[in-house]
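S.K.: sequence-free structure coming up:
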């Protein structure tokens, strides 16, 4: 990996962006309206960071704690859920660029004895592009799917290997090679492959390869028994039996699939570095579209956005950008009802406002 060349490329891109005209201005009124009126029936608090060639905007709304009424802080830490997969994919693609990982090799070559017979031909690349056909995260991690079950079991923890074995008790979702949304077990296996190749913990690889070089001081993979968030943070809640239950503290057992913690500023810096080519060699940069874990969406005006989203009981978050990184948004919501990042109307308002021109 030629770090000096990628750093030089990143510096050149940054200089080019700085040299260009600011372009369409931010619609700050729309941004303020996007999170107005919080807390409401669905969201207790919101944090939004918009950045790019037109300038920066920070917005907070609602409360960080429903008991004390403490305000949301712009430097809050939060769980990033499925955005973790993007970090996992980047590390594995880096190993591919170093000729230490082969996307065409069966996973069983790296993890013998873990995958059962129907999954012997699943390749490392299929873990990244969502075509493995492997079952999703197993029922022990979500029980009956109710808020009551999660509240009672939120400190339960399972090792990555146990998660895989429990998942493989279920029938595979489709024949390997087909296309379906990414599931957590694929990312869990990718994390285990990373550890087998490097002989080092997944958390250390993320730290040494991504967070430390980029100066992401608020981003990390928690230890298996660390149920806390570093202050400041906004509490997350779920509705149970007619009241709100605080579920901020919880097990990070989803690990390489969804266990990481970050901040809005860190996520913005990470996405810019990734899209600028500072984290991957050119060949692996090309694989971002198919194997990188990036989501892509198109705005009503035809502009494309790339990035990642995450969610879990009580929260939704995301980081999105135009491909040239001239406009970006990172957000975190404490949600009472929404379990998916696309289910909250507040998320749609934030994204619409962030990429609207004033």
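M.R.: In hand now; what should we look at? Computed from a predicted model, the values in this text were never measured in an experiment.

S.K.: what about residue 190, distance to residue 83?
M.R.: 15 Å (C-beta to C-beta, to the nearest Å). Bear in mind the C-beta positions are built from the backbone N, C-alpha and C, glycine included.

S.K.: again, but for residue 244
M.R.: 25 Å.

S.K.: Who has more neighbours out of these two?
M.R.: Each of residue 244 and residue 83 has its neighbours counted (other C-beta atoms under 10 Å); residue 83 has more, 26 against 17.

S.K.: check contacts around the more buried one.
M.R.: 260, 262, 267, 308-310, 317-319 (C-beta atoms under 8 Å, 6 or more residues apart in numbering).

S.K.: So which of these are in helices?
M.R.: residue 267 (DSSP state H).

S.K.: Dump the contacts of residue 83 into CSV; add pLDDT and neighbour count as well.
M.R.: Formatted as CSV, those follow (pLDDT from 0 to 100; neighbours: other C-beta atoms under 10 Å):
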residue, pLDDT, neighbour count
260, 98, 27
262, 98, 27
267, 98, 30
308, 96, 26
309, 95, 22
310, 94, 25
317, 96, 27
318, 97, 26
319, 98, 27
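
S.K.: what about the helices in the stretch 201-350 of the chain?
M.R.: 202-206, 212-214, 255-258, 264-276, 282-286, 288-291, 345-354 (DSSP state H, counting those that start in this stretch).

S.K.: center of the protein, which residue is that?
M.R.: With distances taken as C-alpha atoms, centre = their mean, residue 83 lies nearest the centre of the chain, 0.6 Å away.

S.K.: So for that residue, what's the pLDDT?
M.R.: If you check residue 83, the pLDDT there is 97.

S.K.: got the phi/psi numbers for it?
M.R.: Main-chain torsions, residue 83, degrees, to the nearest 10: phi -60, psi -20.

S.K.: Can you tell me how far it is from residue 66?
M.R.: In this view, residue 83 and residue 66 are 25 Å apart by C-beta to C-beta.

S.K.: now swap in residue 248 and tell me
M.R.: 11 Å.

S.K.: So which of the two has more stuff around it?
M.R.: Each of residue 248 and residue 66 has its neighbours counted (other C-beta under 10 Å); residue 248 has more, 20 against 17.

S.K.: dump the residue contacts of that one.
M.R.: Residues in contact with residue 248 (C-beta under 8 Å, 6+ apart) are 229, 233, 235-236, 314.

S.K.: Spatially, what comes nearest to residue 221 if we skip its sequence neighbours?
M.R.: Leaving aside its sequence neighbours, residue 221 sits nearest to residue 203 (C-beta to C-beta, 6 or more residues apart in numbering; 3.7 Å).

S.K.: hang on, that neighbour packs against residue 224?
M.R.: No - the pair residue 203 / residue 224 is not scored as a contact, 9.7 Å apart, by C-beta atoms under 8 Å.

S.K.: Looking only at neighbour counts, state which of these two leads.
M.R.: Taking neighbours as other C-beta under 10 Å, residue 203 and residue 224 compare with residue 203 leading, 20 against 16.

S.K.: For the more buried one, give its distance to residue 210.
M.R.: Taking C-beta to C-beta, one finds residue 203 at 11 Å from residue 210.

S.K.: ok, now residue 153?
M.R.: Distance from residue 153 to residue 210, by C-beta to C-beta: 31 Å.

S.K.: Same drill for the two, tell me which one is more crowded.
M.R.: Using other C-beta under 10 Å, the more surrounded residue of residue 153 and residue 210 is residue 210, with 20 against 15.

S.K.: What segments of the stretch 1-150 of the chain are strands?
M.R.: 43-52, 57-62, 78-79 (DSSP state E, counting those that start in this stretch).
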